[in-house]
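Asks: Sequence and predicted model, in that order:
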2 protein chains.
Amino acid sequence: MSGERPSKFGESFSEWFSWIIREAEIYDYGRYPVKGMGVWMPYGFQIRRRVIEIIRRLLDETGHEEILLPLLIPETLFKKESEHVRGFEAEVFWVTRAGLNELDVKLVLRPTSETALSYMESMWIKGYRQLPKKYYQIVSMFRYETKMTKPMIRVREVTMFKEAHTAHETFSDAERQVMEAVDIYRRFFDELGIPYLISKRPQWDKFAGAVYTIAFDTLLPDGRAMQIGTVHHLGQTFSSVFEVRIQRRDESLDFVWQTSYGISERVIASIIAFHSDERGLILMPKIAPIQVVVVPIPGRDEETTRRVREFAREVAKMVSDAGFRVRVDDREDMRPVEKYFYWELKGVPIRIEVGPRELGSGKVVVFRRDKLEKRQVELGNLAEFLRELARDIENTLRERAWSWFRERIKLATSLEEALKLAKEGCIVEIPWCGDERCLQRVVDEAEGIDVIGIPLPTIESREPPKDGSRCVVCGAQARWWARIGRKC
Amino acid sequence: MSGERPSKFGESFSEWFSWIIREAEIYDYGRYPVKGMGVWMPYGFQIRRRVIEIIRRLLDETGHEEILLPLLIPETLFKKESEHVRGFEAEVFWVTRAGLNELDVKLVLRPTSETALSYMESMWIKGYRQLPKKYYQIVSMFRYETKMTKPMIRVREVTMFKEAHTAHETFSDAERQVMEAVDIYRRFFDELGIPYLISKRPQWDKFAGAVYTIAFDTLLPDGRAMQIGTVHHLGQTFSSVFEVRIQRRDESLDFVWQTSYGISERVIASIIAFHSDERGLILMPKIAPIQVVVVPIPGRDEETTRRVREFAREVAKMVSDAGFRVRVDDREDMRPVEKYFYWELKGVPIRIEVGPRELGSGKVVVFRRDKLEKRQVELGNLAEFLRELARDIENTLRERAWSWFRERIKLATSLEEALKLAKEGCIVEIPWCGDERCLQRVVDEAEGIDVIGIPLPTIESREPPKDGSRCVVCGAQARWWARIGRKC
């Protein structure tokens, strides 16, 4: 451990984030000699693996099939849909040479796979009986970001891109799939205790090629909104260009209707940002590589120390038999308090302390990382106690995160108030006439403020603005809300 | 299902292989518009997922830590070790442009990660106490193959590259790690019933930068040897160039000693090549996406059919409760015999047939895919019977594969005989003087014949050639064996 700990909140957030991912050995960033690309360290990789297992389970359970498409997309395929290309061409990496040859057809490193998959689907999908088809893959994705890069949050190699792609018989089947995807992401973020708002992006901010885009946004400790998931209704944009043609129920021919949706390692950035305190990380037991660490406290003499160590191993065996991932920290060159700091920084949710006092007492001391509380527990009740505690830690972390988040979602009835709150780091909901030009004006006139989007009435139970409310931009009758804030 | 089934053996192997991976919906190859790159289909991906789980378990259990390095390696890093570059530069893909810019430093798509990792290790590893360090990653790897590409076997995007990299205090620690790696791969291939020979490659055929290379080779049905795993002692080649410097036990400074070892989706190609027959694939239960398929056989009237279907679901429930992955195939537009063909092609190891005769009989018919045998089984014994059967199928497949393989490993005491056998599709062991120039002569003079390598005495219990045996090339006293054959 080295250096001072910057504060997590406010403008030092980036510095704090770099500090924690380095010190907790999650992600080595800024030292690999390609800008915007980092290395997942063993401890971070274990967290990542468990997060991926959760999303895989949610997708597999809902009939999604995992596949793997090539990384490289030929220019000819990539450029086939013009709107899509315009959205991406300024930010893709190009392979132009192979071995000693210049390539005839240049290859793009996938920035997303709508084009590659639609091309394959034109051969795979022939009739409505095969529909719906729901594919996904978890891969590295590449974008040549021109904004300032940030570890996990804005990188040039997104290493944990889960992209799903579906095909349907009708527009409304695809729309129902959009809702299913939103529901899956909601459950995913809920399992991980990551708070979010769900918004429909304004037209100018939708995915290149989509009919509309729905986004999940969370809020970082510096008061900036971060997109953590998007769901796109693609209409027939790609299926018509790539000729993914089916015979429909009524025997007519049509192109399929598609959706796509994605998440990335920003999920893990969010976990770190929310579930941590001044001592370091706090992991939910379900994703913790080590759920329980047992620390033996040496005695005054060797014999006592030897017995304590033996007892520590027995306790660890009980904990392991109860189904927990456990580690005994019996390093000899470290004092117990140093071990406490070490594992607190790494976010191990539960610590058991075993010292001379515990020998023969039938009790151990259990420490919970989230509330920093200690408690004596009878060995006979330990398994049950830990199971209950694990659940309680998850609930505590989830509630703590949501409570911080909810306080920062504000309503404002004037533009001036809204901008003031947004600059203070809130997401602000404003009464709005329904005309996107009003939102565009906010973006144009208020430096650093963005439109997050429009709350989705079918998703969030939300009342329309009261009669007589006025759009904070044009003053016309307000029909709905819009959300603004600073984006990361 | 379409077209004629080519024979698996002999020169039609490639055609057969393309047929089976397409028809069993494993890997879509030859249609994606980049040469040497294919698409893993859902069914194939499920097999792949389970194979990866096995290697992960074996590596995790032996103290290997999973990490993830960037795909892109800057030219400056890649070119730092000259022997390595010479080995790879004719076959790497280059990223030269990003967005609208030409890159100042070109980037290589990883052909392997010794350079990238050694660079990071120079920052991570400082003293002998941290050693040994064993890292691995499972990633896509890229080689611009100039030989004819073949699905899974010789591709330009190797999508299941498991590369391990280790660091040690001494040469012999690294050598012990080579042996551990060989042992891990041996267990891996044994679990999957893939036969192999272990050979030390001749110096001219070792990994670019290695002190020596040990390889696992299997034999394809066309009589060509295929490399399925390699283990390299890297000495200090990379650690000295990248300055991975440690303080040793005696306080002196030294570079670490490294090894690396890899496998790829050729593992899956081998499974397909060995475990299959004229009806299609035969999967070991441990890697089968569906282990048991239940096929209901309709009755003469609707009521009987309804009862059969209900019974089929009850049976499936029992099978699932016994811990198997089970599917009821109740498609209405297919006859039972078509379903049999369909699931036999896909390699589902166990089928249960449930028809009107089984109603109320307390029995079902169980079919095993490997031996094409049927048997009546009492429902009360079903769970136990299936567990026993699953074990027996694995043993049968393993023994069948090894028996075919062993018949094709021959000894020859003259070069003429050796070449004849090698051309017939055998791997041939010849008495050899120990001078690699003799082996080089075989390669130079016999068209299409390669040196596989030298059997490892520490690994395979093998007698040296008898006294008086002569090197089949130069006629000098033979000291050991060498293996020759055709390579794929």
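Replies: Yep, it's here. Residues are numbered from 1 along each chain as shown, chains lettered A, B, ... in the order given.
Asks: Can you show me the helices along chain A?
Replies: Taking DSSP state H as the test, the helices found in chain A are A:13-23, A:42-61, A:75-78, A:82-88, A:114-124, A:171-192, A:237-241, A:266-274, A:302-321, A:336-345, A:382-407, A:415-423, A:436-445.
Asks: Indicate which one of those is closest to chain B.
Replies: Closest approach to chain B among those (C-beta to the nearest C-beta): helix A:42-61, 3.6 Å. C-beta: built from backbone N, CA, C; applies to glycine.
Asks: any residues touching the closest one, and which ones?
Replies: Contact with helix A:42-61 is made by A:21, A:24-27, A:40, A:66, A:134, A:136, A:138, A:160, A:162, A:164, A:184, A:187-188, A:191-192, A:263, A:265, A:267-268, A:271, A:283, A:286-289, A:346, B:65-68, B:135, as judged by C-beta atoms under 8 Å, 6 or more residues apart in numbering or on different chains.
Asks: ditto for stretch A:318-329
Replies: By C-beta under 8 Å, 6+ apart, the residues outside stretch A:318-329 that reach it are A:285, A:288-296, A:312-313, A:316, A:339, A:342-343, A:350, A:352, A:379, A:382-383, A:386-387, A:390.
Asks: Could you tell me which residues of the stretch 101-250 of chain A lie near chain B?
Replies: When proximity is defined as C-beta under 8 Å from any C-beta of the partner chain, the stretch 101-250 of chain A approaches chain B at A:107, A:109, A:116, A:119-120, A:123-124, A:135, A:140, A:142, A:144, A:146, A:157, A:159.
Asks: If residue A:257 is in a bridge, with which residues?
Replies: In this entry, residue A:257 is beta-bridged to residue A:168, by DSSP bridges.
Asks: wait, it sits on residue A:235?
Replies: Yes. Applying C-beta atoms under 8 Å, one finds residue A:257 in contact with residue A:235, separated by 6.4 Å.
Asks: Identify the contacts common to the two.
Replies: Common neighbours of residue A:257 and residue A:235, counting by C-beta under 8 Å, 6+ apart, are A:171, A:174.
Asks: Among these two, which residue is more densely surrounded?
Replies: Remark: of residue A:257 and residue A:235, residue A:257 carries more neighbours, 27 against 18, as counted by other C-beta atoms under 10 Å in any protein chain shown.
Asks: where are the low-confidence patches of the stretch 101-250 of chain A?
Replies: Across the stretch 101-250 of chain A, not a single residue meets the criterion (pLDDT under 70).
Asks: roughly how far is stretch A:332-347 from the heart of the chain?
Replies: Distance of stretch A:332-347 from its chain centroid, counting by C-alpha atoms, centre = their mean, to the nearest Å, is 29 Å.
Asks: Tell me the buried residues in it?
Replies: Under the neighbour-count criterion of 16 or more other C-beta atoms under 10 Å in any protein chain shown, stretch A:332-347 has A:339-340, A:342-347 buried.
Asks: swap in stretch A:22-40?
Replies: A:22-24, A:26-29, A:32, A:34, A:36-40.
Asks: hang on, the earlier thing: the helices of chain A: which one's closest to residue A:100?
Replies: Checking these against residue A:100 by C-beta to C-beta gives helix A:75-78 as the closest, at 20.5 Å.
Asks: So which bits of that closest one are buried?
Replies: In terms of neighbour count (16+ other C-beta under 10 Å), helix A:75-78 has its buried residues at A:75, A:77-78.
Asks: filter the residues you listed by proximity to chain B?
Replies: Applying C-beta under 8 Å from any C-beta to the buried residues of helix A:75-78, one finds that residue A:77 fall near chain B.
Asks: Out of the buried residues of helix A:75-78, which is nearest to residue A:394?
Replies: Using C-beta to C-beta, residue A:78 comes nearest to residue A:394 of those, at 42.4 Å.
Asks: check contacts around that closest one.
Replies: Under the criterion of C-beta under 8 Å, 6+ apart, the contact list for residue A:78 reads A:85, A:88, A:92, A:108, A:115.
Asks: how about JSON lines for those residues, with neighbour count added?
Replies: Below are the contacts of residue A:78 laid out as JSON lines (neighbours: other C-beta atoms under 10 Å in any protein chain shown):
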{"residue": "A:85", "neighbour count": "17"}
{"residue": "A:88", "neighbour count": "21"}
{"residue": "A:92", "neighbour count": "21"}
{"residue": "A:108", "neighbour count": "23"}
{"residue": "A:115", "neighbour count": "26"}
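Asks: which among the residues you listed gets closest to residue B:472?
Replies: Comparing the contacts of residue A:78 against residue B:472 with C-beta to C-beta places residue A:108 closest, at 52.6 Å.
Asks: What residues does that closest one make contact with?
Replies: By C-beta under 8 Å, 6+ apart, residue A:108 lies in contact with A:72-75, A:78, A:92-95.
Asks: partner residues bridging it?
Replies: residue A:73, residue A:94.
Asks: got the contact list for the nearest residue to residue A:204 once chain neighbours are set aside?
Replies: Leaving aside its chain neighbours, residue A:204 sits nearest to residue A:440 (7.0 Å; criterion: C-beta to C-beta, 6 or more residues apart in numbering or on different chains). Each residue near residue A:440 by C-beta under 8 Å, 6+ apart is listed here: A:202, A:204, A:451.
Asks: ditto for residue A:152
Replies: By C-beta under 8 Å, 6+ apart, the contact set of residue A:152 is A:21, A:27, A:29, A:38, A:265-266, A:268-269.
Asks: ok, 10 Å please
Replies: Listed by C-beta atoms under 10 Å, 6 or more residues apart in numbering or on different chains, the contact partners of residue A:152 are A:17, A:21, A:26-27, A:29, A:38, A:40, A:44, A:158-160, A:264-270, A:272-273.
Asks: hang on, the earlier thing: let me know the closest of the contacts of residue A:108 to chain B.
Replies: residue A:94 (4.0 Å).
Asks: since we're on that closest one, how many residues are nearby?
Replies: 22.
Asks: That one and residue A:342, how far apart?
Replies: Computed as C-beta to C-beta, to the nearest Å, the residue A:94 to residue A:342 distance reads 45 Å.
Asks: Done for today, thanks.
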